[in-house]
Each structure stands twice: as structure tokens, then as C-alpha cells.
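In: take a look and give me a structure for this.
(chains A and B)
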Number of protein chains: 2
Amino acid sequence: MRTVNVGIVGYGTVGNGVAKILLEQSDLIKQKSNCQINLKKVYTRNWDKKFLYPLPDNLKAKNLEELLEDPEIDIMVEVVGGIEFPYRFITQALERGKHIVTANKALLAEKGKNIFQLAQDKNLRIGFEGAVAGGIPVIRALREGLVANSISKVYGILNGTTNYILTSMEKEGKSFKQALNEAQEKGYAEADPTLDINGIDAAHKISILASLSFGGFLDFNQVYVEGIESIDSLDIELGRELGYTLKLLAIAKSHEEEVEVRVNPTFLPSDHPLSKVDGVFNAVMVEGSNVGEVMFYGKGAGSLPTASAVVSDVVSIAKSIQLDMGQEGEITSINWKHKELNLTKVKDFYTRYYIRFTVPDVTGILAKIASVFASYRISIAAVIQKEKVIKLHREDIQNLVPLVILTHTASENSVQQSIKDIVKQKLSIKRPVIIRVEDEEEY
Amino acid sequence: MRTVNVGIVGYGTVGNGVAKILLEQSDLIKQKSNCQINLKKVYTRNWDKKFLYPLPDNLKAKNLEELLEDPEIDIMVEVVGGIEFPYRFITQALERGKHIVTANKALLAEKGKNIFQLAQDKNLRIGFEGAVAGGIPVIRALREGLVANSISKVYGILNGTTNYILTSMEKEGKSFKQALNEAQEKGYAEADPTLDINGIDAAHKISILASLSFGGFLDFNQVYVEGIESIDSLDIELGRELGYTLKLLAIAKSHEEEVEVRVNPTFLPSDHPLSKVDGVFNAVMVEGSNVGEVMFYGKGAGSLPTASAVVSDVVSIAKSIQLDMGQEGEITSINWKHKELNLTKVKDFYTRYYIRFTVPDVTGILAKIASVFASYRISIAAVIQKEKVIKLHREDIQNLVPLVILTHTASENSVQQSIKDIVKQKLSIKRPVIIRVEDEEEY
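Out: Down below sits the predicted model:
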């Protein structure tokens, strides 16, 4: 069997892990898969930095062309991050007949359609196990293990930074700011954590899972994304009283002609398996027509976990190359329905809602709020009204109390309309807090 | 692409599910995988019964030869159960060049070596995703997704019946008998639940996972198996006080020259992800050198979940057939180290122990028991001695109390020796209860 040559572009956290595995564990990989894989060249802009896993000089490329123009390099591993630069050279690499393995969720979510189209034209493979949920082999599960299922829903905790923050807010009563600072100190949040905190990272990942589960591409700009920046620990506490745990959930559901894809802070029943996923761990739940619910759990980031996923794609593609195959080696193509997925509009979301109003501590307010909901045919499942909440929140010194309404399943549109009415009638002094609830009822 | 023809042998719970998926969802499968799969014939001994999913007459074979002798049948699905009969016809089918998909864990654990050897000689594939953990694609994860990892440990809850029983003993305080009866009433335990209850079913499954994880076959008769028949709810309660949850765990660990494979009731820290797997669900935890801990969770049995796994193998093999491949289509071969695995002997197990003695309620007993342990250099981590346990257990009317010792990591041999001494000295009136503990310390 011929040796398969690999080039790596980008030498950060994941790149170091991929090189380490390819250089140190090629014997193990050969023993298991009968593939001889050789790391031929690595390119990064600046070789003068200190690296976690320093490379011998003969592997260091001075420019990208050394890799692109080397006909011996069969597979290009892209672990550089960003969008424009990797998009350009991945296109060039595909044009030159090289297979691609990437852990770049932003790139695939935003430019995937073009990349996968070009790869199909060239009969080349794109491996992207590392782009979603790090080391957890969920892409492979969807493409192969669950091939005999029609997927109705795939959802999960796809960002470890935000899950760490929410866990420490919940378990240690920290504020969002305190929890974020702690996460940064421990290295679980980057210096600029924007894309984690605002939900975009999780949205990139769920878009990829949605494409694979439902068989088509979608317009990432239309995906509904809400982050955890403004989560108040008061809501975590009040939610717990209702039996719920707060998670930043990435959700994709199939409706008849549409696909609902969104990322938002979500209350889940506290005994739901995802409620028990704490700290930096990720987990993905898949609902298949035959298999029922299956969950995949593990480390969603980090050098070696992500590299483990990247190398699994390298091995799978190396096997294809040895057998002289292209895309035929894939069980399920990412765009298997060969169509664009229509996204459900926000106003058409249909779910349960937790709504916290801040109301003056006088009688009659609940009745008035309830009658507004009734006028929109929104049915109320539970109410928490606290007589005194002095310990819970500072605003109580003004004699304001939180009033929480848990609704049955309702449309986003009617909920937003009723809240507009309630605010107009000055029933809630502050802008109400709205948190969506994933609970069995809606099935 | 040519149509791939499938025959099914055995038409019980799983067989019905496989036929239903192949007949009703062949369009979905074709759309995803580009494979045209045709269910050609099904054989079962008695067609006069009532079936969950009745078949048209043209699919019903009168004898096995109709399938074996049909050159058009490419893949034989074995879902008949038992060992001798399926072993015979699988051998015959392989001889005739047919690929095999089986959900028969007993067969693979006890006769796998011969079957896989013959398949290798003939360059044919054996799919067995359905043999372990039903619909959860853990076999594929080990073969493909985690290919870049050296596996140090694979363990989990592999039998839904016993997990249902233990969960209801724990959460509802039921006795083993009550819980078993309830499981039978609800259809979660078979009329003859012996192979579930005594741990053999879980042992079959962990043997298969061990072979795949560590790359060789093992002698199933040497695997240590202990069931849950004699679990007393008192121990579940006392374990909880120590922060542990009782599960029937199937465990395979790699040591330098040996592999430790065992099934036994096990105390796990209550915050361990497997402790939270309740009822009939299964879960498998894998520790990989790069990925860290990954867990797979879902329904471990049932018609459609298991059929989902069986059909995923059918599709994967159909793909190979269309590409004119044999075993090359597999990323990791089950026997990738090409050797026999040496099993660790029971006396060499090295773990933590929960030991419950039944002692007279007089002073000085704990000191004497502790000194026996000390003489064997077994270090004690925690002790529970109850002054009065009248509500907990009937034997207290004789003035006997339970004394629980939780040890640090110790060898099975020294623990057994010390217990022998303690019993000989009549310090424990009844035979002590020994339950192994999986807790971080031992790494």
C-alpha cells in the first residue's frame, strides 16, 4: 500500500495536536487501519514563536505554495481558523486534487456550500469531524451509524466555554462576569471570548449538524442566535424552582417543509441527560426515527481531542486514497437531499417560554398579565410570584418583585405581541426576560 | 450501481425491525448512501405465528437453503440468537461468499475467533454494530472515530434489564425480587431473565468491545462475571451515604501485557456520568489517549433501535460491495494486533472495595477488623458503623449491625485473604458483602 502524504496549514493548538499524533502514533494507526500516513510539511506564518510541540526543521514550510505545489501531498489539513484565508487556499488545494480535512466550523457554516460543491465536482473528500464537538465522533455517527434513521431533531451543548460559565453560575452562584473571569483565568475562555459568549460558535456547529441531518445547505445568516451575555443568575435560580436547568442549547429540528435552527439559552428539565453535562464538556443528542434518542458526550475542544477527530478523517481519507476512491468512500454525503433547507422564521418558533416580569408589589398585577396572555390564547403552565425577594435581587429595595410565567407551547409571535402589550400597559417595570424552554410537551 | 440483495435469518423482535426498515425506508437509505438495497428473502422456522411486522408471502423462505443457495443474496443478516445453529449457517454463508451482519453477542463472544478468521480468509465482512448497545453506534466509533487513540479503558452499562432493576431498587427502594417482577410485567425483562441478571449478556458485549479496543481475541470462559441476583437494597443505601451509585458495570482495561475484563456490580461516584444513566438505557464510556473520555448513550435494545444498527452495517457493506471491496472497506479490523489477549486473573484485580460485615453491636469489633486489614497492608478510606439500623434491616432484631469498610486501592487477593481471616475470627457473623468500586484514585 502506498504512503499517504499529509500537509498541515496552521500551527496553533489543534495543529500541534495533529502533528503530535501523526508523528508519534503512526505505528498504532498503521496497525489498526493498515494505512501508512506521513506528515510531509507544515505551514504557519511565523515559525519564531514557541510551540507546544516543536517540529524538526525539515517539516517547516516557508510558504503555502510548498504544500499546494507539492504533488505528493494528498491531504491538506486546515487548522488555521478564520474564513477568507482558508477559503482561498482550500479552493486552491481542491483545484490541485488534494483532499481536505478541516476543523473550521465558521468556514463550513458560512462557505460550506461552495467548498462542498467544488469537492464534489473534483470527486474529493472534505473531512470535518473536528469541526463539531471536538473529539466526539458525532459527524461519523450521523453519516454512518444512524444512516437508517430519518433525523427529526439534533441538539446539544456545543460550546464548552459557555457551558463552563453557566455551570459555575448555577453551582456556585457566580454572576456572569465572575464566571467569565474565572473561565479566562483557567484557560477555558479566550482573551476575546465574543464568538463563544454570543452563541455564534455554537451556531456554526449546529448549522453543520443540520446540513448533515437534513441533507441540504442553509443560509447561516438566517440562523437565530442568542448568547448568554445577559443571563442573570436570578433566572437560573427561579428556573431551578420550576425544575429546569439553564443551558446554551444549539437546536435543529425538522418540520415538514422547513428546518428550525437556533441557538439560545434554554431551560431543560433538570433530569434531562443534557442538564447533567457540566463544565467544559459537550454533548449532542440525536433523535432518530428508529434509534430513538442517542447521546454523544465528551470534550468538545482542546488540542488532542480535536486532533483525534482530525486524524480520524485523515485515516478514513487515506483509506479511500489507497483504494483509489473519491467521494464514493463516504456513506452519507453532506448534501444528500441536494437542496437548500428553508429555515423557520423566528416569529414561527413554537415552543414553551419562561418569562420573568419585574412588577410592583401590589395586588392585581398577575391577573392583568394573565388576561393579556389569555387574549393571545397563550396558556399558562406555572407561575412564581415572590412576596419578598430581598436576598435575591437588588431592585427589591424599590419594592419590585419578579413574577415568572411558564407558558405551555405557544408561538413566538403571540408571545412577543403579548409582551408588547404588557409593557405598553406598564405592568412590567423592566423589559421582561424571555427564555425558551425545551420540554416534552411540544412533541 | 447494482442492487445489493439481503437475506434475513430469524424473524423475532430484531428481525421484524430490520425488515420494516429495509422495506419502508429504502428510499431514505438510497438518498443518503446511494445504495439500492433489496430485502430478498427471510427465513424463520415457523411462519404460522403472529408477527409484529407481517411479511408478504414472496419474502418467506421455507428453508434456510433458499437463502444459502441463492447466489444473488450478498448479505446474510443473522438475528436468530443462540450459538450452535447460527454458527453453522454463518460458516456456510461465508463459504458461499456472503457477507454477514449479526446482532448475536453470545455467538461473537464465544465463537468470534473462528468466524472472523474465516471471514478474513474469504475477504468478507462481518458487521456487528447491533451486537453491542443496540442502536448506539459505539462499534463504529471504536473502529473509525477513535482510530487515532490508544484505548486504555472501555466500560459501561451494557444491559438494560439489570439497569432498570437497579434503578428501581435505588429510586423506589424496591427489593431485587420486586424490581425484577416489575421489569417482567413491563416487558423489560424476559420470562427467563437468567442471562441478563447473571451478567453473562453484559460479559458477551464487553468481550466484543475489548477485542476491538485492544486488538485481539480472548477466551470468554476466563472472563470474570458476577450478576446482580444477590444485591441487597441495604448496600445501595449505604453506598449512597459514601457518595456512590450501584451499577452493573462491564469493564475492560488495558494493562501492559494483560487485559482486565470483568462484569460486576460496581459502585461509581454518584456524579460520574454513568451513574446518571437510568432505567433501560445503555451507555459506554471510552478512554482514549488523545480524546480523553467519550460517552455514548441510548437505547441498548428493542426492535427498531437494534435494527437501526443492523441496517447501518448492511448499508456499509452494500457500499463495499458496490465498490467491489471486501475487508479493505473496514478502517479497523477487529483483531488488529493479530494476537490473543491475556486476561488478568481475578486474584490480580487491583481496585477499591466496599465491604459490608454484619457484626454484633459490641465495642472493639471495628478495631479488630481494621487490624486484620492493616496486616494485609490494605488501607481504609472510610467506615460506616451504624449504632442502630432497625429501619434498615431485619437482622437488627438480633442486635447485629452492618459495618461498612471502603478501602483504598488493594489487590483482590489481599482483600479475599483478609476477609477469610475476619470470618475465621468470627468477627463477621454473616458472609461479608463485597462490591468493587470504580473511583478515580486507581489511575
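In: which helix in chain A runs the most residues?
Out: Scanning chain A for the helix with the most residues, using DSSP state H, yields helix A:303-322.
In: all strands of the stretch 201-350 of chain A, in order?
Out: Taking DSSP state E, counting those that start in this stretch as the criterion, the stretch 201-350 of chain A carries its strands at A:216-217, A:224-225, A:244-254, A:259-269, A:281-288, A:292-299, A:339-340, A:350-360.
In: just checking, what packs against the third one?
Out: In other words, strand A:244-254. Strand A:244-254 is packed against strand A:151-157, helix A:160-172, helix A:200-214, helix A:233-241, strand A:259-269, with contacts defined by 3 or more Cβ pairs under 8 Å, 6 or more residues apart in numbering or on different chains; DSSP states H and E. C-beta here means a position set from N, CA and C on the backbone, and glycine is covered the same way.
In: which of the residues in stretch A:306-314 are buried?
Out: The neighbour-count check on stretch A:306-314 (16 or more other Cβ atoms under 10 Å in any protein chain shown) flags A:306-314 as buried.
In: stretch A:43-53 now?
Out: A:43-44.
In: so where's chain A uncertain?
Out: A:387-398, A:441-443 (pLDDT under 70).
In: show me it divided up by domain.
Out: Split into domains by automatic domain parsing, chain A comes to A:4-135+A:303-340, A:139-299, A:348-442.
In: right, so of the ones you listed, which gets closest to residue B:128?
Out: Evaluated over those, closeness to residue B:128 peaks at domain A:139-299, with 12.8 Å, by Cβ to Cβ.
In: just to revisit the earlier point, let me know the closest of the buried residues of stretch A:306-314 to residue B:12.
Out: Proximity of the buried residues of stretch A:306-314 to residue B:12 (Cβ to Cβ) peaks at residue A:312, which lies at 35.0 Å.
In: circling back: okay if I get the strands of the stretch 201-350 of chain A as a markdown table plus distance to residue A:34?
Out: What follows is these, written out as a markdown table (distance: least, Cβ to Cβ, whole Å):
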| stretch | distance to residue A:34 |
| --- | --- |
| strand A:216-217 | 35 |
| strand A:224-225 | 43 |
| strand A:244-254 | 36 |
| strand A:259-269 | 39 |
| strand A:281-288 | 30 |
| strand A:292-299 | 26 |
| strand A:339-340 | 38 |
| strand A:350-360 | 49 |
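In: residue B:287 is nearest to which of the ones you listed?
Out: Residue B:287 lies closest, by Cβ to Cβ, to one member of the strands of the stretch 201-350 of chain A: strand A:292-299, at 10.4 Å.
In: mind listing what that closest one pairs with, with the direction of each?
Out: Here strand A:292-299 is paired, per DSSP bridges, with strand A:281-288 (antiparallel), strand B:292-299 (antiparallel).
In: of all the ones you listed, which one comes closest to residue B:368?
Out: With distances scored as Cβ to Cβ, the stretch of those nearest to residue B:368 is strand B:292-299 (40.6 Å).
In: in the closest one, what counts as buried?
Out: Neighbour-count burial for strand B:292-299, counted by 16+ other Cβ under 10 Å, picks out B:292-299.
In: do the same with stretch A:106-114
Out: Neighbour counts over stretch A:106-114 (16+ other Cβ under 10 Å) mark A:106-113 as buried.
In: so how far is residue A:188 from residue A:198?
Out: According to Cβ to Cβ, to the nearest Å, residue A:198 and residue A:188 sit 17 Å apart.
In: the two: who's more crowded?
Out: residue A:188 (22 against 17; other Cβ atoms under 10 Å in any protein chain shown).
In: before we move on, the earlier item: pick the most buried one from the helices and strands packed on strand A:244-254.
Out: Comparing those by mean neighbour count (mean count of other Cβ atoms under 10 Å in any protein chain shown), helix A:200-214 ranks first with a mean of 26.
In: correct me, but residue A:73 touches residue A:38?
Out: No: here residue A:73 does not reach residue A:38: they are 9.7 Å apart, not a contact under Cβ atoms under 8 Å.
In: between these two, which has more neighbouring residues?
Out: Using other Cβ under 10 Å, the more surrounded residue of residue A:73 and residue A:38 is residue A:73, with 23 against 15.
In: please give me every residue in contact with the more buried one.
Out: If you count contacts by Cβ atoms under 8 Å, 6 or more residues apart in numbering or on different chains, residue A:73 has them with A:5-7, A:40-41, A:67, A:98.
In: let me know the closest of those to residue B:194.
Out: The shortest approach to residue B:194 among these belongs to residue A:6, at 51.5 Å (Cβ to Cβ).
In: that closest one: what secondary structure?
Out: strand (DSSP: H, G, I helix; E, B strand; the rest coil).
In: excluding its backbone neighbours, what's nearest it?
Out: residue A:75 (4.9 Å; Cβ to Cβ, 6 or more residues apart in numbering or on different chains).
In: so how far is residue A:326 from that neighbour?
Out: In this view, residue A:75 and residue A:326 are 13 Å apart by Cβ to Cβ.
In: who has more neighbours out of the two?
Out: residue A:75 (25 against 17).
In: what about the more buried one, which helix or strand?
Out: strand A:73-78 (DSSP states H and E).
In: so residue A:403, which of the three states?
Out: What three-state DSSP gives for residue A:403 is strand.
In: pretty sure it contacts residue A:359?
Out: Yes: counting by Cβ under 8 Å, residue A:403 does reach residue A:359; the two are 4.8 Å apart.
In: any shared contact partners between these two?
Out: A:365, A:369, A:428.
In: leaving out the residues flanking it, which one is nearest to the last one?
Out: Just to be clear, that refers to residue A:428. With Cβ to Cβ, 6+ apart as the criterion, residue A:428 has its nearest non-adjacent residue at 3.8 Å, and that residue is residue A:357.
In: and for that neighbour, the neighbour number?
Out: Residue A:357, neighbours per other Cβ under 10 Å, totals 24.
In: repeat that for residue A:95.
Out: As a burial measure, residue A:95 scores 13 neighbours (other Cβ under 10 Å).
In: got the contact list for it?
Out: By Cβ under 8 Å, 6+ apart, the residues touching residue A:95 are A:118, A:122.
In: pretty sure residue A:10 contacts residue A:46?
Out: No: assessed by Cβ under 8 Å, residue A:10 is found out of contact with residue A:46, at 11.5 Å.
In: surely residue A:19 meets residue A:10?
Out: No: Residue A:19 is beyond contact range of residue A:10, at 10.7 Å (criterion: Cβ under 8 Å).
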